[in-house]
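**Q** Sequence plus the predicted model coming up.
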Amino acid sequence: MIKRYWNKGRKQKTITIILGLVLLIALFVLRDDYQPALLFVRKYIFIILLSILVLVFGLKKFRKTASTGGRLGILALLIAFFALIYLVGWHLKLYDYMKTYNVFNDLDKVEINELPLTQNERIQPLRNIFSMANESVGETKDVSLPHLVRVDDENKWTMAIQPSEKYVMQRISDNTEEVFAVSSTTPFPRFSAENRIPVTFSIGETLKFSRNTYNAVVQRFNPWMLVNYEPSDTFYMKNDNGEWVQVVSLIKWKGFFFPYPSFGGVMVIDNGEHDFNDYLERIAIGKGTFIAPEEMKDYPYLNKQNTLAEKVSRLQAESLKFLGGFSDPLPWNMETAVKIPDMPKDQNQQPYVTDFDFAGSNTNAYSGLYHWFGLEPVGAERTSLSYSVFIPADGTDKLYYYDHAAKKQGYAGVSAMPLKVRESRKEYDWNANTPTEFRPYIKDIAGRKRLFFLGTISAISETNSKQFDGAATPDLVLIDSEYRDVIWIDVKHPSTWDKTVYDQLGEAWRASEGIGYYFQEKMVDEDLLIQQAVDSIMAMPSQDDNEKQIEALQQKLDSLKALQKNE
């Protein structure tokens, strides 16, 4: 048809060329709009090709068949085939099953025999930080979802103060001009003064058109990346020059049969004002500097940092259900099958980004930020802790796991914690408050490493179930995963937490484990003098019961001697 139109004359040729150029420019400029469709084809390429192949041969056979009965039979087979594809692939989730199995085979899994210690414990859960940050901005501003990152050798919650999604004009004309950077280890998070960093980004998560972070990153992709990569979580951190940057985590899809996601590196977007040259660059080739996973070691600020997309780490942790074999997660087996437990009431779900100290653990794992998962058996009524999973947050190609079930430790898992906390304080109004985000707390107490879960008591809004508030000094609890006891701790004095735990559980540990005495207080001067006096008394030799008899006999002997002299 195009050829016939082309041959009609000079005017038609001109129109064809102009329309072709417009279409080519549109395909180039608008590639961020149709990229999700390319990704869909990439993710389901095997199923799509198989379906097309069956459909083509089925219709070809249908046209060659003369009898009505034969044609109806072919149509019935085609309908049955596609119904089977839907039933097995989507309804029974066999496609996700195979995708997760491919992730399992691709992982570099390392079993560890000793748990790492936790350090730099964060006080507030993510949802509390998000709510308090939104309380500190104006009507036309939104706060991006907080992420825990390393800033100047300190773990901080960082988030952008950006134009609100409710106001379109601000999203078109305004920039992101401030970033919150709040310490994660303080019970008093402040969202003002030095924690409110003035920095301008002309690219933002809520901005419109080419200034949107997703659009700018996709526009930066080359043709190969366009069909294999997708942007994910956006982090705000300092680079090696001390400048604030946006770091967009990338997901790379691998494989042909049942493609699966993996860490694909990052796209780094520098801060800066919006100008005309910036506009042309965004329209033509997007914004950002691509750093592949193997190149990240050359950038110190990206090492031991939090840059891994949670979508990827969740699938990696879930894939451990295949440790018992390919068929173990099937309904008639499930001897070692595990799941990531979901927490209720719109809480922040696992992973919980936690700072671990792997020193002395006989592994080459670094000490720093990890995505932690506490995996539990698949049954809803089973809440034991099966595996602790540690995935390097900087995308390092490793997965460390500790097998609690194989060691028969019988620890309680994350999903068992809320009821234990509620039971320990029945006087609380648990309709207006809820224990949230039970992250691991692993310390060397009373002679060995012990695993606790650190939870925060958050107030819940009655009108908005996603709004949490832990106040400046929230109530904190530690739950011993082995003894199931709940210890309420003082949020303002973290240095006393271990002793508080020992004071409450010390006698139980001595009775059960035969441990010694720990946390002995040093004696003050007066106590020391009293103790020395007591020790001196105790050191004096006790009088022998026969001394009195010996003394009486000695007196008799002396009397006899005196009588003998007188005679």
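**A** Structure's in. What do you need?
**Q** Does Glu178 touch Asn195 like I think?
**A** No: using CB atoms under 8 Å, Glu178 is not in contact with Asn195, being 10.3 Å away. (Each C-beta comes from the backbone N, C-alpha and C, glycine too.)
**Q** how about the residue nearest the centre of the chain, what does it touch?
**A** By CA atoms, centre = their mean, the chain has its centre lying nearest to Pro351, at 2.6 Å. With contacts defined as CB atoms under 8 Å, 6 or more residues apart in numbering, Pro351 is in contact with Glu310, Ser313, Arg314, Ala317, His371, Trp372, Phe373, Ile391.
**Q** isn't Ser144 right next to Thr234, touching?
**A** Yes: contact criterion CB under 8 Å: Ser144 and Thr234 qualify, at 6.9 Å.
**Q** any shared contact partners between these two?
**A** Glu205.
**Q** Check the gap between the residue nearest to Lys297 when sequence neighbours are not counted and Tyr229 for me.
**A** Closest residue in space to Lys297, ignoring its immediate chain neighbours: Asn303 at 6.5 Å, by CB to CB, 6 or more residues apart in numbering. Shown here: Asn303 relative to Tyr229, a distance of 22 Å by CB to CB, to the nearest Å.
**Q** cool, and Met296?
**A** In terms of CB to CB, Met296 sits 15 Å off from Tyr229.
**Q** Please say which of these two ends up with more neighbours.
**A** Tyr229 (24 against 20; other CB atoms under 10 Å).
**Q** The more buried one bridge partners, please.
**A** Lys252 (DSSP bridges).
**Q** residue contacts, Asp503?
**A** Phe519.
**Q** Ok, Asn113 next?
**A** By CB under 8 Å, 6+ apart, the neighbours of Asn113 are Asn362, Tyr402.
**Q** Quick check: it vs Asp355, distance?
**A** Distance from Asn113 to Asp355, by CB to CB: 21 Å.
**Q** Gly286 too?
**A** Taking CB to CB, one finds Gly286 at 34 Å from Asp355.
**Q** likewise Thr496?
**A** 20 Å.
**Q** Settle it for me: which of those two has more neighbours?
**A** Set side by side, Thr496 and Asp355 show more neighbours around Asp355, with 22 against 12, by other CB under 10 Å.
**Q** helix or strand for that one, which one?
**A** Assigned by DSSP states H and E, Asp355 belongs to strand 352-357.
**Q** which residues are in contact with that strand?
**A** So strand 352-357 is contacted by 116-122, 147-148, 155, 306, 367-372, 390, 393, 437, 439-440, 442 (CB under 8 Å, 6+ apart).
**Q** go again using 6 Å as the cut-off
**A** Pro116, Leu117, Gln119, Asn120, Leu148, Asn155, Asn306, Ser367, Leu369, Tyr370, Trp372, Arg439 (CB atoms under 6 Å, 6 or more residues apart in numbering).
**Q** residue contacts, the last one?
**A** In other words, Arg439. Tyr352, Thr354, Leu454.
**Q** go on, Ala160?
**A** Ser144, Thr176, Val179, Tyr236.
**Q** what's the burial count for the third one?
**A** Read that as Val179. 24.
**Q** Wait, it touches Tyr236, no?
**A** Yes: counting by CB atoms under 6 Å, Tyr236 is a contact partner of Val179 at 5.2 Å.
**Q** that older thread, I'd like the next helix or strand past the strand holding Asp355.
**A** Downstream of strand 352-357 (by DSSP H and E), the next one is strand 368-377.
**Q** Quick one: work out the angle between that next one and strand 352-357.
**A** 120 degrees (axes from the mean of the first three to the mean of the last three CA atoms, to 10 degrees).
**Q** Need the residues that contact strand 368-377.
**A** Contacts of strand 368-377 (CB under 6 Å, 6+ apart): 304, 306, 313, 317, 338, 340-341, 350-356, 383, 385-387, 389-391, 393, 413-414, 440.
**Q** next one: stretch 191-199 to chain centre, how far?
**A** 25 Å (CA atoms, centre = their mean, to the nearest Å).
**Q** do stretch 294-312 as well
**A** Distance, centroid of stretch 294-312 to centroid of chain: 14 Å (CA atoms, centre = their mean).
**Q** Same question for it: list its buried residues.
**A** Neighbour-count burial for stretch 294-312 flags Met296, Tyr301, Leu302, Asn303, Lys304, Gln305, Asn306, Thr307, Leu308, Ala309, Glu310, Val312 (criterion: 16 or more other CB atoms under 10 Å).
**Q** Over to stretch 233-252?
**A** Quick answer for stretch 233-252 (16+ other CB under 10 Å): 233-239, 244-252.
**Q** CA atoms only: put that stretch into PDB for me.
**A** Taking C-alpha atoms only, stretch 233-252 is exported to PDB below (Å, rounded to 0.1, in the frame of the first residue of the first chain):
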ATOM      1  CA  ASP A 233      14.300   2.700  43.500                       C
ATOM      2  CA  THR A 234      15.800   6.200  43.700                       C
ATOM      3  CA  PHE A 235      18.300   6.900  46.400                       C
ATOM      4  CA  TYR A 236      19.800  10.300  47.500                       C
ATOM      5  CA  MET A 237      23.400  10.300  48.800                       C
ATOM      6  CA  LYS A 238      26.700  12.100  48.500                       C
ATOM      7  CA  ASN A 239      29.300  11.200  45.900                       C
ATOM      8  CA  ASP A 240      33.000  11.000  46.400                       C
ATOM      9  CA  ASN A 241      33.300  14.800  45.900                       C
ATOM     10  CA  GLY A 242      30.800  15.500  48.600                       C
ATOM     11  CA  GLU A 243      28.000  16.500  46.100                       C
ATOM     12  CA  TRP A 244      24.500  15.200  46.500                       C
ATOM     13  CA  VAL A 245      23.300  13.000  43.700                       C
ATOM     14  CA  GLN A 246      20.400  10.800  42.700                       C
ATOM     15  CA  VAL A 247      21.300   7.200  42.400                       C
ATOM     16  CA  VAL A 248      18.700   5.200  40.500                       C
ATOM     17  CA  SER A 249      18.900   1.400  40.900                       C
ATOM     18  CA  LEU A 250      18.500  -0.500  37.600                       C
ATOM     19  CA  ILE A 251      17.000  -4.000  37.100                       C
ATOM     20  CA  LYS A 252      18.400  -6.100  34.300                       C
END
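**Q** Where does pLDDT dip in this protein?
**A** Applying pLDDT under 70 to the chain flags residues 1, 346, 462-467, 469-472, 521-567.
**Q** if we can go back for a sec, give the closest residue to the residue nearest to the centre of the chain in space, chain neighbours not counted.
**A** His371 (3.6 Å).
**Q** and the one you found, what are its bridge partners?
**A** Beta-bridge partners, per DSSP bridges, of His371: Val353, Ile391.
**Q** That one and Met169, how far apart?
**A** 38 Å.
**Q** who has more neighbours, these two?
**A** His371 (24 against 10).
**Q** So which residues of the stretch 51-200 of the chain form helices?
**A** 68-86, 94-106, 126-134, 168-173 (DSSP state H, counting those that start in this stretch).
**Q** What are the buried residues along stretch 365-381?
**A** 365-366, 368-378.
**Q** hang on, I meant stretch 335-344
**A** Here stretch 335-344 shows Thr336, Ala337, Val338, Lys339, Ile340, Pro341, Met343 as buried, counting by 16+ other CB under 10 Å.
**Q** how many other residues sit next to Ala511?
**A** 9.
**Q** Make sure it is indeed in a helix.
**A** Yes: per DSSP: H, G, I helix; E, B strand; the rest coil, Ala511 lies within a helix segment.
**Q** quick one: it from Tyr502, how far?
**A** 14 Å.
**Q** repeat for Pro293
**A** Applying CB to CB to Pro293 and Tyr502 gives a distance of 43 Å.
**Q** which among the contacts of Arg439 gets closest to Arg211?
**A** Tyr352 (32.5 Å; CB to CB).
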